[in-house]
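In: the following comprises the amino acid sequence and a computationally predicted model.
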Amino acid sequence: MSYEITVSVNGTEYTDSVEPRLLLADYLRDTLGLTGTHIGCDTTSCGACTILLDGSSVKSCTLFAVQANGHSVTTVEGLAKDGELHPVQAAFHEEHGLQCGFCTPGMMISIAQLLDRNPNPTEAEIREGILGNLCRCTGYHNIVKAAQTAAQTAAGGS
Amino acid sequence: MVSNNFEYFAPETFDEAARLLAKYRDDGKIVAGGYSLIPLMKLRLASPSVLIDIGGIDELRSITSNGGGLSVGSMATYYEISRSAAVQSAAPALAEAAGQVADVQVRNRGTIGGSLAHSDPAGDLPAVFLALGGTIVAKTRRGSREIAADRFFVDLLTTALRPTEIITEIRFPSAGARSGSAYAKFANKASHYAVAGVAALVTLGADGTVTDARVAVTGVGSKATRAKRTERILKGKEPTASVIRRASDRAAVELAGDVTDDIHASAEYREHLAKVMAENAITSAVERAGG
């Protein structure tokens, strides 16, 4: 049983024949080789596999690749543009927003989603925005700082 | 984790989805957002041989309100519901509950129709649906029927939905002037499922007494359940803090013998949380009703 899908990933269209049960996270990692999307818990809890689907953050371990047929996906590899880090990536670098780095791609996508909807979030809103992402290093403090710095950068501050 | 394999259909119209479900019946399963069904499929607790994805049927997404009430399409996501001005004004408890479901990613993907059809014992929306006295519109290829909230939840993960029916719309009656609704929950810290969640709808008369109250509890027993004893205590009385406290103390009476006892909370603690959440929800609902 296979099903042909066409998915736009980070601006490039891919057409592949997949088993319906192939998870979107596995499609991105194994079929397309985009291993920036991590799989942590595999149970919709940890958020390491978070990507944008048509601009909305979702957990790609809990979607079948066929459900993304005809839709547009952004992974962490699609955040930087023209060799320039995305403001959220630059802020993670600046604020040391990662320790082991495993949760980082999902965290950055969630914060990109948050700032897209709410460019000037409070600290509480940032923590609410990353509720679906777990950092087992418990490095939340600097992750929140990175989100604040990214908001300032995006607003044109220094 | 990998689910069993299945055949996949992505119909673009409701009629096509209904035709497919009529054809495959118990072998087929409707998938909306998938955030309740796919975890079960990965654990192989559910193994449908045919998956019918209604995500591409745009007509199921609309949210509209008029004098008669609020209509929410079954494919409206928690995020869309929580942000909808129509929902916030007509059914604040629904917007409040949708905004507290799990996390941002789940709210972006999960739908009201999926939540109600799945009928998770710790789901948030079932309690709100009961308290607000909603109605489900369930359609097949041949026709449609309305199912009242009080008749919808049958047992653990079991609803009155028939094998060939698809939820297309959820209707909420207009609550009228001097009505207020609210949802309060004590969430599991990791999953944000309700350890205990209570939705309340309160209507006040001209003299400030409660003319109608509907209260429903989720997370505590095997399905979302009306707290009718609590409602009866509230009705006809001025909703003072002590009346609300006395009514809330009875919030888990209907669930006696069916209170969940697990690693997240003992039965005794769950019952206690139900009372506290009832007090919070009723107090907010009364405030919103202008009491």
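Out: Perfect, thanks for sending it.
In: now do the contacts for A:Lys59.
Out: Applying C-beta atoms under 8 Å, 6 or more residues apart in numbering or on different chains to A:Lys59 gives the contacts A:Thr44, A:Gly47, A:Cys49, A:Thr50, A:Gly132, B:Tyr35, B:Gln105, B:Val106, B:Arg109. C-beta here means a position set from N, CA and C on the backbone, and glycine is covered the same way.
In: could you measure from the residue positioned nearest the centre of chain A over to chain B?
Out: Centroid check for chain A by C-alpha atoms, centre = their mean gives A:Ile109 as the closest residue, at 3.1 Å. Distance, A:Ile109 to chain B, using C-beta to the nearest C-beta, to the nearest Å: 9 Å.
In: that residue and A:Val76 touch, don't they?
Out: Yes. With contact defined as C-beta atoms under 8 Å, A:Ile109 reaches A:Val76; the gap is 6.3 Å.
In: CSV please, covering the contacts of A:Lys59 and showing secondary structure.
Out: CSV is the format used below for those (DSSP: H, G, I helix; E, B strand; the rest coil):
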residue, secondary structure
A:Thr44, coil
A:Gly47, coil
A:Cys49, coil
A:Thr50, strand
A:Gly132, coil
B:Tyr35, coil
B:Gln105, helix
B:Val106, helix
B:Arg109, helix
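In: name the nearest of these relative to B:Asp249.
Out: B:Val106 (32.7 Å; C-beta to C-beta).
In: can you name the residue of chain A nearest chain B?
Out: Using C-beta to the nearest C-beta, A:Gly132 is the residue of chain A that sits closest to chain B, at 2.8 Å.
In: apart from its neighbours in sequence, what residue is nearest that residue?
Out: Leaving out its chain neighbours, the residue that sits closest to A:Gly132 by C-beta to C-beta, 6 or more residues apart in numbering or on different chains is B:Asp103, at 2.8 Å.
In: count of residues packed around residue 44?
Out: Answering for chain A, as no chain was given. Residues lying near A:Thr44 (other C-beta atoms under 10 Å in any protein chain shown) number 26.
In: right idea, wrong chain: chain B
Out: Neighbours of B:Arg44 (other C-beta under 10 Å): 11.
In: from B:Gly291, how far out is the residue in chain B sticking out farthest from the centre?
Out: Most distant from the centre of chain B: B:Asp207, at 31.6 Å, with distances by C-alpha atoms, centre = their mean. Distance of B:Asp207 to B:Gly291, computed by C-beta to C-beta, to the nearest Å: 11 Å.
In: over to B:Arg44?
Out: In terms of C-beta to C-beta, B:Arg44 sits 50 Å off from B:Gly291.
In: next: A:Gly11.
Out: 54 Å.
In: okay, those two: which has more neighbours?
Out: Legend: neighbour count by other C-beta under 10 Å for A:Gly11 and B:Gly291, higher for B:Gly291 (19 against 10).
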